[in-house]
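*Asks:* Could you look at this predicted model? Sequence included:
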Amino acid sequence: MPRPLSYVPFCLLFFAFHLSLSAQDLRIDGCLDDWAAVERSYIDIDSDDQAIDTDIISLQLAHSEAYFFLSFKLMPAIALQKGSTMTLAIDTDNSAATGRRNGRIGVDLEWNFGTGTGYAFADGQRAGLRPEDIGLVIAPSMRSDRFELAIDRDARVFDRPLLRSPVCRLYLQDSDLDALPDDGDSLLYDFSGQTIAAPYHYSLEKEAPEHLRLLSYNVHFDALFEPERRDAFRRIFRTLQADVIGLQELYEHDADQVEELFTDWLPPESGFWSALKIVPDLVLVTRHTIRDWRYIGPGAGAFHLDLAAPFNSEALLILVHAACCDKDVERQALFDELMAFLRDTYDGRTFALQQGAPVILMGDFNLVGDPDQYQSLLKGTIFNSAQFGPSALPDWKTRPLIDRKPRLVNAPLAHTWLPGGGSSFTPGRLDYVFYSGSALTPGKAFVLETTGMHADSLQRHRLLSSDTDQASDHLPLVADFALRNVKTGSVVSPRLPATPLPCFITEIAPQPLSGTSRLTLRIRRPGNVRIEIIDTHARFIVRLEDRYLTVGEHRLAWDGLDHRAAPATTGIYFCRVIHESQVVQSLPLLVLRQ
């Protein structure tokens, strides 16, 4: 049995090492557990100067036919793509005579992680590079002490493929303070060794019709309604055929407009589309019944779903669009409030939810800073317990939630966000689906990026290779689940497919409200109707109507006063429509006091 490389004298590390794994499936998703089967190429067992900021501990290498993979461990954790001084240098053809000579190797490719820029050198020339120029993807997007990345071996630099020579030589360096390997050496990598298995090019359809398909999609500032993008969106939604769709960044359009759009794109064959918006930008679209909803906090809303046949179950779905960029404090406050909401739901203090019902969190979580936030979502950890109360495991207080971790259909990558041209950041995994393993068994899951699909797959699914690029800067994330039997002590009766809304508000004007707003209510099916104004925490403000109404249009008004005849303060409110004890619509109202 060969000795581990960490115990081999360093002078022997110049040999061309090969992979020791068999058809291992790596994916660049930031979780890194799949690297356990990859033999370490180098471990720095020498103790470095304690004064250095970053100590490079180890480096692992692997490749597939299409990608060159690297994983490295550092101490302490850093934000690799924001201000770090880490540099990767590669002699892509193992020739000191080409590229830029620096005493170690002939550098053909140099990448500076902290600035998100690099350079290619050849024949005395230097070319500036951005991540997209070399197909670079790095994960995780959060601070970490371990990172993984992929480089496209066929990326063309100086009009030739980047990494198609039989061997390459490289080293990793943190400014001038630490390097791997040390002492001016470099590592030799042999591409003739065994490759990582290529991802399976599977179809986009469900594995079974009884699987529930969820789709999360950040549609980039209402791009869903832009004429030049609508056809791309339509093809995507028609292909994916989701049962429950969670949309983010719909700021300028209401739920009725979204419902009308989906009814046009996906005509109702087995139930009508319903949409519900939680301001400012979250919209849930489904053919199933939205029994109730709650505003959780800025960037999250909860929906109590009544899933029709073949699922015949209730479900709790929380749609998220967390603050981006450097807003760690705001994100953690939202996640604390979200975990407190789940705990309170299990204690019966929010929805009257079926015991053990499936729980799903999905959306754009923007996990780009503190790594504890990811763990908080899995484990239910509440950091501000003084405000939000004690922590509780988020799967019915018995176990953590599970990260579904979908990847691209045709690549071993898992990014869901594509930076704009010239960005210093690489594509990142910002969108997630977390689920309760106590009630859900995972089926197919994937991220759709049409630019990476084969021509025959595009034709079969009636997609264009440009569709996802044209539609949004985020990619649609799909996750299918089989629902396990929920034991409640009673049989859950089969439910009928969703039907058109029995009544709904067609107009609220003027907005914002400063005096009196007029509401137009259309009744499709006569019945007892209650119209209430509530605040963002679902607290009762005033009741506008509570009686039996006949088919047709009815006019209502709200003078901006609460049930105590006191003026409602400036802020966002919701007009909730209840027909025969079922919530059928909820529309935002903005009250603006002078």
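*Replies:* The structure has been received and is ready for your questions. Computed from a predicted structure; not experimentally measured. Residues are numbered from 1 along each chain as shown.

*Asks:* Going by C-alpha atoms from here, please, whenever you check contacts or count neighbours.
*Replies:* Noted.

*Asks:* Residue 340 - that's part of a strand, no?
*Replies:* No: counting by DSSP: H, G, I helix; E, B strand; the rest coil, residue 340 falls outside a strand, being helix.

*Asks:* Test my guess that it contacts residue 383.
*Replies:* No: applying CA atoms under 8 Å, one finds residue 340 not in contact with residue 383, separated by 10.7 Å.

*Asks:* Give me the more crowded residue out of these two.
*Replies:* A side-by-side neighbour count of residue 340 and residue 383, using other CA atoms under 10 Å, places residue 340 first with 23 against 19.

*Asks:* So what's the residue count around residue 150?
*Replies:* Neighbours of residue 150 (other CA under 10 Å): 24.

*Asks:* Sheet partners, orientation included, of the top strand by length along the chain?
*Replies:* Assignment by DSSP state E gives strand 67-78 as the longest strand of the chain. Its sheet considered, strand 67-78 pairs with strand 55-63 (antiparallel), strand 144-152 (antiparallel) by DSSP bridges.

*Asks:* burial measure for residue 349, as a count.
*Replies:* Counted with other CA under 10 Å, residue 349 comes out at 12.

*Asks:* quick check, it in a helix?
*Replies:* No: using three-state DSSP, the secondary structure at residue 349 is coil, not a helix.

*Asks:* How about residue 27: what's its closest non-neighbour residue?
*Replies:* In space, and not counting its chain neighbours, residue 27 is closest to residue 412: 4.4 Å by CA to CA, 6 or more residues apart in numbering.

*Asks:* Count the neighbours of that neighbour for me.
*Replies:* 22.

*Asks:* per-residue pLDDT, it?
*Replies:* pLDDT, residue 412: 92.

*Asks:* try residue 551
*Replies:* Residue 551 is assigned a predicted lDDT (pLDDT) of 92.

*Asks:* and it, what does it touch?
*Replies:* 522-526 (CA atoms under 8 Å, 6 or more residues apart in numbering).

*Asks:* Now tabulate those residues in JSON lines and tack on distance to residue 451 and secondary structure.
*Replies:* Below are the contacts of residue 551 laid out as JSON lines (distance: CA to CA, whole Å; DSSP: H, G, I helix; E, B strand; the rest coil):
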{"residue": "522", "distance to residue 451": "44", "secondary structure": "strand"}
{"residue": "523", "distance to residue 451": "46", "secondary structure": "strand"}
{"residue": "524", "distance to residue 451": "44", "secondary structure": "coil"}
{"residue": "525", "distance to residue 451": "46", "secondary structure": "coil"}
{"residue": "526", "distance to residue 451": "50", "secondary structure": "coil"}
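
*Asks:* farthest pair in the residues you listed?
*Replies:* Spanning the widest gap among those are 522 and 526, at 10.2 Å by CA to CA.

*Asks:* Which one's more surrounded, the two?
*Replies:* Each of residue 522 and residue 526 has its neighbours counted (other CA under 10 Å); residue 522 has more, 20 against 15.

*Asks:* Mind telling me what element the residue lying closest to residue 546 once chain neighbours are set aside is part of?
*Replies:* Spatial nearest neighbour of residue 546, chain neighbours left out: residue 530 (4.2 Å); criterion: CA to CA, 6+ apart. Residue 530 is part of strand 527-535, with elements assigned from DSSP states H and E.

*Asks:* partners of the following helix or strand past that strand, with directions?
*Replies:* Next in sequence after strand 527-535, counting helices and strands by DSSP H and E, comes strand 540-549. Using DSSP bridges, the strands paired with strand 540-549 in its sheet are strand 527-535 (antiparallel).

*Asks:* hey, C-alpha coordinates of the partner strand in CSV?
*Replies:* Taking Å, rounded to 0.1, in the frame of the first residue of the first chain, the C-alpha atoms of strand 527-535 are listed here in CSV:
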residue,chain,number,x,y,z
GLY,A,527,-71.1,33.1,-0.6
ASN,A,528,-70.1,34.6,2.7
VAL,A,529,-67.3,37.1,2.1
ARG,A,530,-65.1,38.8,4.7
ILE,A,531,-62.7,41.7,3.7
GLU,A,532,-60.1,42.6,6.3
ILE,A,533,-57.2,45.0,6.5
ILE,A,534,-54.2,43.5,8.4
ASP,A,535,-50.6,44.6,9.0
